[in-house]
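**Q** Generate a structure from the sequence data that follows.
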Amino acid sequence: MRWTGSWIAVGSAALALGPASAQVDPRAPLPPKAQPRLAAAQVQPVPAVSQLQASVQLASVQPQFHGAASGFESYKQYLMHAARREGIREATIQGYIPGLRLNERAMQLDRAQRPGAAAASGYVPPLAPYLRDHVTPSLISRGQSRYSAHWPNLTQIYNRYGVDPAVLMAIYGKETSYGTVTGNFDLLEALASLAYEGRRRAMFEAEFLAALKLVDSGIPRARLRGSYAGATGYPQFMPTVVLRLRADGDGDGYADIWTNEVDALASIANYLRDAGWKAGVPWGTAVRVPPTLDRNAIRSRMESPVCPAVFRRHSRWMTVREWRALGVAPLRTALPDTEMATLMEPDGPGATAYLLTGNYRAVLDYNCSNFYAMSVVMLADAIARR
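**A** Residues are numbered from 1 along each chain as shown. Here you go, the predicted model:
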């Protein structure tokens with residue numbers, strides 16, 4: 001799950017938006033680079049997220065470890081010292097760190113996710129084939145069934161968090177196929193291995209320590225299984241996010257994102273609200289773009305501090321009223337005239353275009369990929385039959 005970054009340009013003023021919460025998704029079609037954190041905006045709060053920025057609290061000088069197995073043994077000693085600095089109980093440290101094994105498979109999968117030549121060249125594949133593969137009849141029908149079955153719970157979650165229930169269900173379906181594919185990597189082992197590998201050491205060390213804190217709080221290690229990169233549970237939260245944002249949706253006093261769908265949906269809602277979701281505002285809408293539109297005039301002049309390839313495809317921010325004045329007309333969902341929106345033409349001029357509100361940016365916060373976010377909002381609209 002997810003890095004995001006965003007800028008809003010209103011007239012001549014450009015506002016940089018700072019991070020709020022984060023996850024990392026190795027499957028994102030456009031893998032981002034970590035970039036420096038910028039100051040928070042004063043207008044149109046659409047927080048951005050960087051796992052690298054939000055979770056790293058370790059020492060700035062990292063030791064070097066050489067060799068595979070022997071180096072990992074030394075690295076585990078370092079992790080034990082780091083865990084003590086974080087206040088984790090000695091019994092937990094001694095009970096779990098010494099027996100960790102190097103997970104070569106997790107490291108292989110992580111290396112395979114590095115951007116290839118196509119990504120480096122700036123080539124972006126068309127959106128339509130991706131949507132056909134990721135907004136499937138099965139995901140739609142199963143989502144609609146759960147949407148109806150959970151409607152009383154979803155209503156309560158909406159009243160509490162203000163997030164569109166269909167978007168919650170779509171993310172649940174997109175992340176784990178409604179709980180059927182959650183990953184089987186041991187989180188402690190995978191995260192320690194990726195931290196040892198060193199490519200993103202600070203981030204994965206922070207995630208390892210967060211996972212160890214979850215064990216220290218009483219969550220069984222057997223429950224902490226997930227993707228090779230550390231995402232876990234129905235929402236596929238990274239451990240730092242589990243610590244901050246998992247929520248009790250059914251009121252039983254315990255937030256269980258691993259076996260309880262209602263808690264998982266409430267946790268996703270809590271995440272999106274934390275990412276800046278604005279109640280009562282659609283994610284956006286498909287629009288008709290006139291052939292006379294001057295795209296250079298609407299181009300954003302700012303470079304996003306994170307996920308620049310993702311946000312480079314968005315125009316500058318303008319009100320819906322200003323877009324209407326340029327002849328950009330919604331095809332379906334009406335947006336308030338005063339709402340800020342950006343234009344994205346994922347497949348270029350002449351193809352379907354979209355006006356995107358700040359709530360679309362909240363979905364991007366979950367996974368910094370326009371492919372991911374568009375598939376989520378399209379699945380949500382299909383689930384809600386709108």
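**Q** going forward, measure contacts and count neighbours with C-alpha atoms only.
**A** OK.
**Q** where in this protein is pLDDT low?
**A** Where the chain drops to pLDDT under 70, the residues are 1-70, 115-122.
**Q** how about the strands of it, start to end?
**A** With strands called from DSSP state E, the chain shows them at 6-10, 13-17, 185-186, 225-226, 284-288, 318-319, 329-330, 340-344, 353-356.
**Q** Quick one: residues contacting the closest residue to Val262 other than its chain neighbours.
**A** The shortest distance from Val262 to any non-neighbouring residue, by C-alpha to C-alpha, 6 or more residues apart in numbering, is to Gly249 (5.3 Å). Applying C-alpha atoms under 8 Å, 6 or more residues apart in numbering to Gly249 gives the contacts Asn153, Ile157, Ala255, Val262, Asp263, Ala264, Leu265, Ala266, Ser267.
**Q** ok, Gly249 to Ala266 distance?
**A** From Gly249 over to Ala266 the distance is 5 Å, taken as C-alpha to C-alpha, to the nearest Å.
**Q** again with Asp347
**A** 34 Å.
**Q** what's the overlap in contacts for Gly249 and Ala266?
**A** When contacts are counted by C-alpha under 8 Å, 6+ apart, the set common to Gly249 and Ala266 consists of Ile157.
**Q** domains of the protein?
**A** Residue ranges for the structural domains of the chain, counted by automatic domain parsing, are given in the record as 6-54+277-376, 66-113+181-269.
**Q** can you put those domains in JSON lines and add distance to Arg142?
**A** Supplementary listing: these in JSON lines, determined by distance: least, C-alpha to C-alpha, whole Å:
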{"stretch": "domain 6-54+277-376", "distance to Arg142": "14"}
{"stretch": "domain 66-113+181-269", "distance to Arg142": "14"}
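**Q** if we compare these, which one ends up closest to Asp133?
**A** Distance to Asp133, taken as C-alpha to C-alpha, is lowest for domain 6-54+277-376 among the domains of the chain, at 9.5 Å.
**Q** Skipping adjacent residues, who's closest to Tyr254 in space?
**A** Counting by C-alpha to C-alpha, 6+ apart, Tyr254 lies nearest to Asp248, which is 5.6 Å off, once chain neighbours are set aside.
**Q** show me what contacts that neighbour?
**A** In this structure, Asp248 makes contact with Tyr254, Ala255, Asp256, Val262, Asp263, Ala266, Ser267, judged by C-alpha under 8 Å, 6+ apart.
**Q** just Val289 next, same as before
**A** Shown here is Val289, whose contacts under the criterion C-alpha under 8 Å, 6+ apart are Gly327, Val328, Ala329, Gly350, Ala353.
**Q** that older thread, any idea how far Ala195 is from the residue nearest to Tyr254?
**A** From Asp248 to Ala195 the distance is 31 Å (C-alpha to C-alpha).
**Q** Check Arg299 too.
**A** Here Arg299 is placed at a distance of 39 Å from Ala195 (C-alpha to C-alpha).
**Q** still on that earlier bit, how about the domains of the chain, which one is nearest Pro129?
**A** Pro129 lies closest to domain 6-54+277-376 among those, at 10.4 Å (C-alpha to C-alpha).
**Q** And the residue nearest to Tyr254, how far from Glu90?
**A** Distance, Asp248 to Glu90, by C-alpha to C-alpha: 29 Å.
**Q** got it, and Ala373?
**A** The gap separating Ala373 from Glu90 is 42 Å, by C-alpha to C-alpha.
**Q** Tell me which of the two has more neighbours.
**A** For Ala373 versus Glu90, neighbours defined as other C-alpha atoms under 10 Å are more numerous around Ala373 (21 against 12).
**Q** For the more buried one, give its distance to Gly95.
**A** When distances are taken as C-alpha to C-alpha, Ala373 and Gly95 turn out to be 40 Å apart.
**Q** Arg299 and Ala195: who's more crowded?
**A** Neighbours were tallied for Arg299 and for Ala195 using other C-alpha under 10 Å; the higher tally belongs to Ala195 (22 against 17).
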